[in-house]
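J.: The following comprises the amino acid sequence and a computationally predicted model.
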Amino acid sequence: MERHSRSWLVLGGLLIVALLAACSSPGPESTSAVSPPAPAEAPAESPAPTEATDAAEPAEPSEPIESTEPGESAESVEPSEPTESTEPSEPAESAEAAESVASSEPATAEMGPELTSDPVSLVFYIEPNFPYIEALGAEFMRQYPNVEIEYRKDQAANLLENTPRVLASDDPPDIVRIPLVVDLVVNDLLLNLDPYAESFGWDAWPQSILAQVRVDANGSRGSGALYGLGLGYNITGIFYNKTLAEQIGMSAPPETLAELDAYLATAKEAGIQPIVGMNVPIAGTALPYQMVLNQYVDNVDLNAWIHQQPGADFNSPATLAATLHFNDWIEAGYFQSDINAIDYPTHVGQFIDSEGLFLFIGDWESANLDAQMGDNVGFFLVPPLEAGAPHVAMSAPATYGIAAAATNPDAAAFFLNWAHTDPEARRIIIEVSGANPGGPPDLPVPLVEGTLAAETIAAAAVLGADDGAVDFIASATGAMLAAVLTPELQKLFAGEQTPQGLIDAIQAEWDAQLDK
């Protein structure tokens, strides 16, 4: 079922680093080329999440990650089967796609360095079922017929094991999906992109997300040279049921966290489930927990801790205040009483079926909720503590870098810039992945007015203007999600852990990782 795939983007976008790091079983490298697909058609044909009528059915793995099936741990991943090799072919275009791209011309004049007119062969090393990457490749070849793109594919778990060896080989790819950036940088396997950032103007883009793929001389993320760019930038926030919101007098999204608290309390008093959440097989409540955390802890400090910068510490008065606030929600009964037995597709289905007021999640669900709920659903960023303060939200891309030994690094950098700036490329990213295309903040974002995606994209623009993106706390160490956040949050909901105990467990995992 195509529509299941985007539901688990939470495991492939924001959670991908944590899940990849938890994978320990290597698999064979798949280095076969495949024919590029046709450009993306209408949004209805692109992957979408769990259906409302089948909410309890396990979701399939999402684009962009193929490492796990729902209910499995990352350790149980089976390696990918080698893909049959074919030569790149001219992509077929649907009538709708052809009409959409007819007026799209290469934007070389606005993009900095020009692409050579000589024949170029680019090799991408990616995960399977990355439809927007291959759709981008097809469109790039249409605009630049001197370029041929070959795809080598590996399952996400295998990428973690194989990427260093592949990048160090005699035949490295040009563009690679980056599983864990620091190790690749320390071993000189990724190209420093600072010269391209200067020539293409990437330094003028919102920097809070680019910081996630900056690595300094000490091997800490968050500052230093740039080693990657995202392709599609997801944000997290709160979807709300408009009918239920009207019943409690919520005519507009709250402007402060205190106003959100008041709506939660009013919903509870009215017999409406305030929040629908999930806690198996992983602690999905790590998402709402960090949404509260983001409003208390300075995002620069939080990112510094996530990026393992020296002197950073999770255990602070601000962290304790946020954790106590979140625990108040638990004790007030704002989450389902059986949340530790609820999985991802079930909690999305509960929200679609109007069994709860709020769904704390990300924009990857916008197409599904739009299709299932129509005008009865809206979206807003988690409000700050004080009205008018900058918004802070988790926002993370699927990140790509250029091999240090790439054959065509200039063309690879040109492609990455094109994917952020070309109008048709930006449309493909939105329609196929549901994410913001990123890039220069003043570029128009192609979207359909009146859709839920329009709301999430507008929210992403606000976040970009506030420069308030923060990485996911599960990305702080490879074992953070599986070994700490999942069991400790489950215990917090069961009344078997304290807020300070949760904080101590999280910091202890961070300390243990840095001591290795």
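T.: Nice, I can see it. Numbering: from 1, shown residues only.

J.: remind me which residues of the stretch 351-500 of the chain are low pLDDT?
T.: Per-residue confidence for the stretch 351-500 of the chain (pLDDT under 70) gives these ranges: 434, 448.

J.: Could I get the full set of strands for it?
T.: Secondary structure of the stretch 351-500 of the chain (DSSP state E, counting those that start in this stretch): strands located at 358-362, 377-380, 393-402, 469-470.

J.: now the strands for the stretch 51-200 of the chain?
T.: The residue ranges that make up the strands of the stretch 51-200 of the chain, judged by DSSP E, counting those that start in this stretch, are 120-126, 147-153, 175-177.

J.: mean confidence for the strand ranked longest in the chain?
T.: With DSSP state E applied, the strand covering the greatest number of residues in the chain is identified as strand 229-241. On average, the pLDDT along strand 229-241 is 92.

J.: Also stretch 145-158?
T.: pLDDT averaged over stretch 145-158 equals 89, rounded to a whole number.

J.: show me what contacts A312?
T.: By CB atoms under 8 Å, 6 or more residues apart in numbering, the contact set of A312 is D301, A304, W305. Heads up, the C-betas are built off the backbone N, CA and C, glycines and all.

J.: sorry, back to before: between the strands of the stretch 351-500 of the chain, which one is nearest to A245?
T.: strand 377-380 (7.8 Å; CB to CB).

J.: And the contacts of the closest one?
T.: Residues outside strand 377-380 that contact it (CB under 8 Å, 6+ apart) are 237-242, 245, 253-254, 363, 366, 369-370, 452, 455-456, 459.

J.: Try it again at 6 Å.
T.: G237, I238, F239, Y240, K242, P253, L369, E455, T456 (CB atoms under 6 Å, 6 or more residues apart in numbering).

J.: Now tabulate the residues you listed in CSV and tack on distance to I402 and neighbour count.
T.: Rendered in CSV, the data for the contacts of strand 377-380 read as follows (distance: CB to CB, whole Å; neighbours: other CB atoms under 10 Å):
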residue, distance to I402, neighbour count
G237, 32, 27
I238, 36, 23
F239, 36, 26
Y240, 41, 22
K242, 45, 16
P253, 40, 19
L369, 36, 27
E455, 34, 20
T456, 29, 31
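
J.: Redo those as TSV? Include distance to D171.
T.: Supplementary listing: the contacts of strand 377-380 in TSV, determined by distance: CB to CB, whole Å:
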residue	distance to D171
G237	43
I238	47
F239	45
Y240	51
K242	54
P253	52
L369	44
E455	45
T456	40
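
J.: So which of those residues is the closest to A332?
T.: The shortest separation between A332 and any of the contacts of strand 377-380 is 16.9 Å, and it belongs to I238 (by CB to CB).

J.: Surely the closest one and G356 touch.
T.: No - in this structure, I238 sits apart from G356 without contact. The criterion is CB atoms under 6 Å, and the distance is 11.3 Å.

J.: if we can go back for a sec, out of the contacts of A312, who's the most crowded?
T.: Each of the contacts of A312 was scored by neighbours using other CB atoms under 10 Å; the highest score is W305's, at 23 neighbours.

J.: wouldn't that residue be in contact with G311 here?
T.: No - between W305 and G311 no contact is recorded; they are 9.5 Å apart, counting by CB under 6 Å.

J.: on that earlier part again, name the weakest-confidence residue in the contacts of A312, if you would.
T.: A304 (89).

J.: So it, which state does it fall into?
T.: Three states are possible here, and by DSSP: H, G, I helix; E, B strand; the rest coil the one that applies to A304 is helix.

J.: Kindly provide the distance from it to G438.
T.: When CB to CB, to the nearest Å is applied, the distance between A304 and G438 equals 22 Å.

J.: And D504, by the same measure?
T.: Note on D504: its distance to G438, by CB to CB, is 36 Å.

J.: Neighbour count for the two, which is higher?
T.: The residue with more neighbours, out of D504 and G438, is G438; 26 against 15, by other CB under 10 Å.

J.: Pop out the phi and psi values for that one.
T.: Listed backbone geometry of G438 is phi 70, psi -150, with angles given as degrees, to the nearest 10.

J.: Contacts only, for it.
T.: The contact partners of G438, by CB under 6 Å, 6+ apart, come to Y233, H420.

J.: how close does it sit to N303?
T.: Distance of G438 to N303, given as CB to CB: 17 Å.

J.: May I see the buried residues of the helix or strand containing L320?
T.: Secondary structure from DSSP states H and E places L320 in helix 317-331. By neighbour count with 16 or more other CB atoms under 10 Å, helix 317-331 contains the buried residues T319, A321, A322, T323, H325, F326, N327, W329, I330.

J.: For P254, which residues are in contact?
T.: Contacts were defined as CB under 6 Å, 6+ apart; by that measure P254 touches L260, P383.

J.: And it, what's its pLDDT?
T.: 98.

J.: That one in helix, strand or coil?
T.: Reducing the assignment at P254 to three states with three-state DSSP gives coil.
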